[in-house]
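Mind folding the following:
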Amino acid sequence: MKIAPVIRFASWSLLPLLIALQGARALDFTPIFSFREVDGVKIPVIQFDDEGTKISYKPPADWHPSGSGGTLCIYAPGIGDSWMKLVVVGKKTPETPAAASVSGEELQAFARRFIPPGSKNIAFVKQGNNSFTLEGHASAEFIFTFSLYGNRDIASISLVDRSETTWMVMLVSSNTRDFGSIREQAISSMFSWRRVE
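Predicted structure coming up:
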């Protein structure tokens with residue numbers, strides 16, 4: 001994977017994450033639009049390739065997915081700049097925790113690295129555990145407020161220790177007014193994540 005073109009546009013603080021992504025892309029977030037049948041009703045879903053098996057996932061209703069490789073972005077309709085992002089991050093760099101068993105402070109510092117570059121006045125709000133599980137793996141959620149482009153926004157960053165080699169990171173960001181609803185829709189959608197038999 002060539003990362004040189006990406007570096008021009010990325011914050012230097014994200015460089016270790018870009019390097020860590022190399023080799024961590026067993027889960028390919030290129031969406032394949034499909035259906036899941038439940039009691040004779042076809043429900044629209046997207047699927048991803050995960051080392052030859054398929055993952056099925058239903059984004060929040062009317063949200064628009066776009067992804068490839070190790071990143072999936074999903075944009076909320078009609079609510080300004082509200083979005084969620086799923087990212088697969090490799091555990092190859094010293095800045096990336098090896099497991100969820102590290103201290104809460106280390107996990108918080110790791111989560112903070114996903115706040116959009118250029119953000120100012122970053123403030124930690126709270127930590128929550130197990131907002132959702134992913135294939136039996138617990139999540140740790142960290143909520144921050146920050147200023148970006150003249151707006152005061154809020155972000156939920158959830159970390160899932162997905163395997164011995166990768167983390168799954170879910171970012172949810174919105175203005176403070178819409179955040180509760182956006183966060184709830186994003187977290188609820190994660191309960192639709194399942195392997196296709």
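
Now stretch 72-79: average pLDDT?
The average pLDDT within stretch 72-79 is 88.

dump the residue contacts of residue 153.
81, 145-147, 173-176 (Cβ atoms under 8 Å, 6 or more residues apart in numbering). To be clear about C-beta, it is placed using only N, CA and C from the backbone, and glycine gets the same treatment.

Quick check: of these, which has the highest neighbour count?
Most neighbours among the contacts of residue 153, by other Cβ atoms under 10 Å: residue 173, with 25 neighbours.

re the thing from before, report the lowest-confidence entry in the contacts of residue 153.
If you rank the contacts of residue 153 by pLDDT, residue 81 sits at the bottom with 82.

Next, find the distance separating that residue from residue 151.
Shown here: residue 81 relative to residue 151, a distance of 8 Å by Cβ to Cβ, to the nearest Å.

One more: residue 186?
If you measure residue 186 against residue 151 using Cβ to Cβ, the figure is 19 Å.

what residues are shared contacts of residue 81 and residue 151?
With contacts defined as Cβ under 8 Å, 6+ apart, the residues shared by residue 81 and residue 151 are residue 175.

Compare residue 186 and residue 151 and say which is more crowded by neighbours.
Under the criterion of other Cβ under 10 Å, the comparison of residue 186 against residue 151 puts residue 186 first, with 28 against 11.

can you map out the strands along this structure?
For the chain, strands defined by DSSP state E occupy the ranges 27-38, 41-50, 53-57, 64-68, 71-75, 83-90, 120-134, 137-148, 151-160, 166-175, 194-196.

partners of the fourth one, with directions?
When you say that, I think you mean strand 64-68. Take DSSP bridges as the rule and strand 64-68 pairs in its sheet with strand 71-75 (antiparallel).
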